[in-house]
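Enquirer: Predicted model follows, preceded by the sequence.
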Amino acid sequence: MTEILIEPFSPRYSADDIYGLIVPIQQEEFGIAITREGQSDLARIQEFYQTGNGNFWVASANGAVIGTVALTDIGNRQVALRKMFVRADHRGKDKGVAQKLWENVLKWAKAHKLADIYLGTTSKFLAAHRFYEKNGFVEIDKADLPLAFPIMAVDSKFYRYRLG
């Protein structure tokens with residue numbers, strides 16, 4: 001079995017590595033009309049995500065990027081979960097990549113004494129909804145999001161995970 005490495009984003013990974021995972025999933029698998037240019041945050045991961053209580057993690061296998069997940073600090077000991085993607089051939093409970101990424105986020109959140117993790121997602125990501133709910137996220141109304149939560153144009157379903 002291939003060893004899965006999960007580590008914070010560093011210059012050892014290029015923007016092309018990250019875009020190469022995320023954009024095809026968004027466009028080809030889910031038909032979301034979003035481009036590389038429409039996600040400039042991924043060209044500035046260290047400045048955009050790795051500040052305050054935020055971070056960005058990369059899952060790799062044999063040197064190839066197979067997954068990502070990020071937290072954006074939105075203040076008040078709250079963060080937004082963003083960019084959780086796993087390459088199709090590494091998805092599923094038996095592979096455990098998404099679960100490992102989530103456990104890494106949870107460990108970080110607890111160590112940083114965060115209160116809440118929020119996320120927005122598209123209604124198309126049905127397997128993701130099941131994953132979030134299985135891991136303790138509760139669906140909430142858009143009106144219940146913190147004012148600082150960064151709502152994306154494609155977001156139509158929202159979740160909250162309460163820590164401690």
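Expert: That came through fine.
Enquirer: Longest helix in this protein, please.
Expert: The longest helix of the chain (DSSP state H) is helix 97-111.
Enquirer: continuing past that one, what's the next helix or strand?
Expert: Using DSSP states H and E, the helix or strand that directly follows helix 97-111 along the chain is strand 116-121.
Enquirer: Quick one: residues in contact with that next one.
Expert: If you take CB atoms under 8 Å, 6 or more residues apart in numbering as the criterion, strand 116-121 is touched by 71, 74, 77-82, 84, 105, 109, 128-129, 132, 137, 140, 145-146, 149, 151-152, 155-163. (Each C-beta comes from the backbone N, C-alpha and C, glycine too.)
Enquirer: picking up where we left off before, mind listing what's buried along the longest helix of the chain?
Expert: Of the residues in helix 97-111, Val97, Ala98, Lys100, Leu101, Trp102, Asn104, Val105, Leu106, Trp108, Ala109 count as buried by neighbour count, 16 or more other CB atoms under 10 Å.
Enquirer: next one: stretch 118-133
Expert: So for stretch 118-133, counting by 16+ other CB under 10 Å, buried means Tyr118, Leu119, Gly120, Thr121, Thr122, Lys124, Phe125, Ala128, His129, Phe131, Tyr132.
Enquirer: one step back: tell me the mean pLDDT over the longest helix of the chain?
Expert: Taken as a whole, helix 97-111 has an average pLDDT of 97.
Enquirer: Ramachandran coordinates for the residue nearest to Val138 when sequence neighbours are not counted?
Expert: Counting by CB to CB, 6 or more residues apart in numbering, Val138 lies nearest to Arg160, which is 5.7 Å off, once chain neighbours are set aside. The phi and psi torsions at Arg160 (degrees, to the nearest 10) take the values phi -140, psi 140.
Enquirer: Show the contacting residues for Arg160.
Expert: Contact analysis of Arg160 by CB under 8 Å, 6+ apart lists Asp116, Ile117, Tyr118, Phe137, Val138, Ile140, Asp144.
Enquirer: can you rerun that using 7 Å?
Expert: By CB atoms under 7 Å, 6 or more residues apart in numbering, Arg160 lies in contact with Asp116, Tyr118, Phe137, Val138, Ile140.
Enquirer: Touching, Val65 and Trp57? I think so.
Expert: No. Contact criterion CB atoms under 7 Å: Val65 and Trp57 do not qualify, at 10.9 Å.
Enquirer: This completes my enquiry, with thanks.
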